[in-house]
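Trainee: With the input below, show me the fold.
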Amino acid sequence: MAGHSQFKNIMHRKGAQDAKRSKIFSKLAREITVAAKLGGADPNMNARLRLAIQNARADNLPKDNIERAIKKAAGSDTDNYDEVRYEGYGPGGVAVIVEALTDNRNRTASAVRSYFTKAGGALGETGSVSFMFDRVGEIVYPLSAGTGDAMVEAAIEAGADDVETTADNHVVICAFESLNEVAKALEATLGGAESVKIVWRPKTTTALDEEKAQSLLKLLDTLEDDDDVQNVYSNSELSDEILAKLNAA
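Mentor: Numbers count the residues shown, from 1 in each chain. Okay, the predicted model is just below:
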């Protein structure tokens, strides 16, 4: 998932940070509400809610917001959100997966389709690109959690499949079915993670030149800015030279 991570790092350094933070908080709260509505308000009995709360805390969502989002799930006026996945190709033939929580499928589908079209890409059918990705659990720890060797040892003991250490963090990969068990085992050894999520991890990546990379960056940024979109994944791959130019832009 190198391409996606590269773009995320760039995107987080661009734009109005306060506006982005507000949108992130709204999306975190929506996931908590949906999780609580589907599986109950007790995080000990609801794995999805437990993960949603953990990631909300990692992103500094205030405790009051978390509690309010959970209580909202029990209200009769709660909106009904559908989980929808969109798949398509962006600039340079990069495969893109978009996950959304929406109370209006037509609105969201129309918006996502227009984003792809304006970027020179095309929205496809469900399954058109997801076969190029694996659905896996991803647990992220800061570099301060331990050395690379220590992380590998802890991951093996916890039942994980792989560990990647980057310049920014340690990323532990496991089967999505065992995410909760692996996350709990790692927490007992290393403490709380920065994030614990089920993600789409590309099996192969697509290299881009600078022009296509800029176009894709704009598409991903636009998608993530949409209120209905929760997560965006791509199989893009950037050279160090292009990364440096995008960071400097």
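
Trainee: Would you mind confirming that residue 122 makes contact with residue 89?
Mentor: Yes: here residue 122 lies in contact with residue 89, judged by CB atoms under 8 Å, at a distance of 5.5 Å. Where C-beta positions appear, they are placed from N, C-alpha and C, glycine not excepted.

Trainee: When the two are compared, which one has more neighbours?
Mentor: residue 89 (20 against 12; other CB atoms under 10 Å).

Trainee: Got phi/psi on the more buried one?
Mentor: phi -120, psi 130 (degrees, to the nearest 10).

Trainee: which residues touch the longest helix seen in the chain?
Mentor: In the chain, assigned by DSSP state H, the helix with the most residues is helix 17-39. The contact list for helix 17-39 (CB atoms under 8 Å, 6 or more residues apart in numbering) reads 12, 45-49, 51-53, 55-56, 59, 61, 65-66, 68-70, 72-74, 78, 81, 83, 101, 225, 227, 230.

Trainee: Make a ChimeraX selection of whichever of these turn out to be buried.
Mentor: In ChimeraX syntax, the buried subset of the contacts of helix 17-39 is picked out as below (16 or more other CB atoms under 10 Å):
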select :46,48,49,51,52,53,55,56,61,66,69,70,72,73,81,101,230
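
Trainee: Which ones among the contacts of helix 17-39 map onto strands?
Mentor: Secondary structure from DSSP state E places 83, 101, 230 of these in strands.

Trainee: ok, back up a step: now the common contact residues for residue 122 and residue 89.
Mentor: residue 116.

Trainee: Can you flag which of the contacts of helix 17-39 belong to helices?
Mentor: Those of the contacts of helix 17-39 lying in helices (DSSP H): 47-49, 51-53, 55-56, 65-66, 68-70, 72-74, 225.

Trainee: Save the ones in strands among the contacts of helix 17-39 as CSV, and put in distance to residue 180 too.
Mentor: Below are the ones in strands among the contacts of helix 17-39 laid out as CSV (distance: CB to CB, whole Å):
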residue, distance to residue 180
83, 19
101, 21
230, 19
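
Trainee: Of those residues, just say which sits nearest to residue 131.
Mentor: Proximity of the ones in strands among the contacts of helix 17-39 to residue 131 (CB to CB) peaks at residue 83, which lies at 19.5 Å.

Trainee: contacting residues around that closest one?
Mentor: Applying CB under 8 Å, 6+ apart to residue 83 gives the contacts 34, 99-101.

Trainee: mind redoing it with 6 Å?
Mentor: By CB atoms under 6 Å, 6 or more residues apart in numbering, no residues touch residue 83.

Trainee: So what pairs up with it in the strands?
Mentor: Beta-bridge partners recorded for residue 83 (DSSP bridges): residue 101.

Trainee: Next one: it from residue 42, what distance?
Mentor: Computed as CB to CB, to the nearest Å, the residue 83 to residue 42 distance reads 21 Å.

Trainee: Just the terminal-to-terminal distance for stretch 151-170.
Mentor: Stretch 151-170 has an end-to-end distance of 8 Å (criterion: CA to CA, to the nearest Å).

Trainee: in it, what counts as buried?
Mentor: So stretch 151-170, judged by 16+ other CB under 10 Å, has buried residues 151-152, 154-155, 158, 160, 163-165, 169-170.
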